[in-house]
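In: my questions concern the predicted model and sequence given below.
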Amino acid sequence: MAKSIKNKRVIFLYFVLILGFGIIVTQLVYNIQKKTGGRKNDPVVEYPKETEKDTLEETPGDSLWQDTEFMN
Amino acid sequence: MEEKLKRRPLIKRRNPDWYLALFALLTILSAWWLGKNRITDQSTELLRNYYPESIYKMQNLDHSVWKLTGEEKLFTLSSGIGKGYAAPIKVLVQYDNSHIADVKILSSQETPSYFSKVIRKGYLGQFTQKKWDDVFNHPDDIDVVSGATKSCEGILKGVQNASLNLAKSQNLEPVHVTKETSWQIGFKEGLIVVIFLLGILSRLPNIRYKKYLKWITLLLGLIFLGVVFNEPITLTRINSFLLGFWPDWHTELYIYLLFLGVLLILLTSGRNVYCHTFCPFGALQELTGKLGKARNVQLKYRFFRVWFQRSLAWFAILLSLILRNPGISEYEVFGAAFQLTGSVWLFLLLGITLVASFIIRKPWCNYFCPINPIFGFIQLFRRKIKSLWQKA
């Protein structure tokens, strides 16, 4: 009976050690991320995405310059 | 069979502890050297991140003062340094005419969980709209974030020094900043001396009521070093000493008393008076252990019994020295236990160790705490040097 309780304690301790080790590693990663991740970068300029209509290929009769002084 | 045993040559098994301790010492020295050489001042880069060249035009007036033109306005920037809990904190102050418009952090090596608390509580926002030559102090003008007093003091000092730098570069009348060069000896220092005396007394042979003396020192440690002041010996403090970020001995004399007292007893008598006599978290585990009738558990594998804890401490010190950041490798649960400050992981670890301490005797001290192996490391070197001395 006493041996069985002792074994349970040992198994419990191994469980605590492995779980604790996992948490400590996570905590260290968290610390490093906090240290390096808090830096602000240059503002990111978001340009509108190109759609099919924005294509540079000219469609006959649909030129931007048609009927303008430039074309004439 | 007996003959076979007799003929077998005697193999003298050497204790690997000494060689591994030497290896640990060499790697720690190498990490210190590596960290010192790889460190670069990233303040300018960070400054450019805060104020991008595409928007702001910056002119350097002094090594720490800049004129900033942008958003159709003219600002002045000045940086200053103040001593925090673990290391100096460098702040950047933006002035709009004579008022502080913004305070930003350029560099800090404080314990992340404490420092993020300072930022989260909006401590930096309290400086805005104050005049550059205002005299502001804690707690009358600026509220301190409880549990992170030292970090707040570091930032405040940094802002004051930024204003001083600005005044110096612009030939203005300097701001009146109180310089704390006088000794500050008070309750904390007295308490440390009393605890030490009681601790030494409780470990002397032939002393009556030893058990009661030990419990008195444990409770004093728990109440004052833990709950009231939250000043136990931590890995961050040890890393700070190793990295050369020493606290001001005028204002933080108790730290020196604590460290030097523990070291002196360790080197003269070889006894670790701190962990067994007045460590606040050790005292808390003694209490929970008493309540739960906790027992010592002997593990079969030497790795878990000895090397697990030592490896954790060794790795944490290496990490801190390589990155030259005392607080980066902190994984202790003291802040979570006594100040309710820490990440969710630290609270989880605290919960597990406290639950375990009802069943197993002092699981934190015996398997996780980095302080015990550090003192053990010093004890090992002391023993080795002593034995070499005696042989000679």
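Out: Nice, I can see it.
In: show me which residues of chain A sit near chain B.
Out: Taking Cβ under 8 Å from any Cβ of the partner chain as the measure of proximity, chain A contacts chain B at A:6, A:9-10, A:12-14, A:16-17, A:19-21, A:23-24, A:26-28, A:30-32, A:34-35, A:39-43. In short, each C-beta sits where N, CA and C put it, glycine included.
In: 6 Å - rerun?
Out: Counting by Cβ under 6 Å from any Cβ of the partner chain, the residues of chain A lying close to chain B are A:9-10, A:13, A:16-17, A:20, A:23-24, A:26-27, A:30-31, A:34-35, A:40-42.
In: can I get the buried part of those as one PyMOL selection?
Out: Here is the PyMOL selection string for the buried members of the residues of chain A next to chain B, based on 16 or more other Cβ atoms under 10 Å in any protein chain shown:
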select buried, chain A and resi 9+10+13+16+17+20+23+24+26+27+30+31+34+35
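In: quick check: which ranges of chain A have low pLDDT?
Out: By pLDDT under 70, the low-scoring segments of chain A are A:1-2, A:36-72.
In: quick check, the residue in it closest to chain B?
Out: In chain A, no residue comes nearer to chain B than residue A:34, which is 3.9 Å away by Cβ to the nearest Cβ.
In: that residue touches residue B:111, doesn't it?
Out: No. Counting by Cβ atoms under 6 Å, residue A:34 does not reach residue B:111; the two are 9.6 Å apart.
In: who's in contact with the closest residue to chain A within chain B?
Out: For chain B, the residue closest to chain A is residue B:112, as judged by Cβ to the nearest Cβ, at 3.9 Å. Counting by Cβ atoms under 6 Å, 6 or more residues apart in numbering or on different chains, residue B:112 makes contact with A:31, A:34.
In: distance of it from residue B:374?
Out: 21 Å (Cβ to Cβ, to the nearest Å).
In: and for residue B:121?
Out: In terms of Cβ to Cβ, residue B:121 sits 32 Å off from residue B:374.
In: next one, pLDDT for the closest residue in space to residue B:84 that isn't next to it in sequence please.
Out: In space, and not counting its chain neighbours, residue B:84 is closest to residue B:154: 3.0 Å by Cβ to Cβ, 6 or more residues apart in numbering or on different chains. In this model, residue B:154 is scored at 91, pLDDT.
In: surely residue B:111 meets residue B:330?
Out: Yes. Residue B:111 is within contact range of residue B:330, at 5.1 Å (criterion: Cβ under 6 Å).
In: shaky segments in chain B?
Out: In chain B, residues with pLDDT under 70: B:1-14, B:39, B:41, B:174-181.
In: please go through it and pick out the longest strand.
Out: In chain B, with assignment by DSSP state E, the single longest strand is strand B:73-83.
In: what's in contact with that strand?
Out: B:64-66, B:68, B:88-96, B:154, B:157-158, B:161-162, B:165-166.
In: who in the stretch 1-150 of chain B is up against chain A?
Out: So the stretch 1-150 of chain B meets chain A at B:49, B:52, B:112 (Cβ under 6 Å from any Cβ).
In: just name the closest of these to residue B:134, please.
Out: residue B:49 (28.4 Å; Cβ to Cβ).
In: helix or strand for that closest one, which one?
Out: helix B:43-50 (DSSP states H and E).
In: who are the packing partners of that helix?
Out: strand B:99-107 (3 or more Cβ pairs under 6 Å, 6 or more residues apart in numbering or on different chains; DSSP states H and E).
In: give me the neighbour count for the residue nearest to residue B:95 when sequence neighbours are not counted.
Out: Leaving aside its sequence neighbours, residue B:95 sits nearest to residue B:76 (Cβ to Cβ, 6+ apart; 4.4 Å). Number of residues near residue B:76 (other Cβ atoms under 10 Å in any protein chain shown) recorded here: 20.
In: what is residue B:76 paired to in the beta sheet?
Out: Per DSSP bridges, the residues bridged to residue B:76 are residue B:67, residue B:95.
In: how much space between it and residue B:54?
Out: 20 Å.
In: for residue B:111, which non-adjacent residue is closest in space?
Out: residue B:327 (3.6 Å).
In: is the one you found in contact with residue B:114, as I believe?
Out: No. Using Cβ under 6 Å, residue B:327 makes no contact with residue B:114, being 7.7 Å away.
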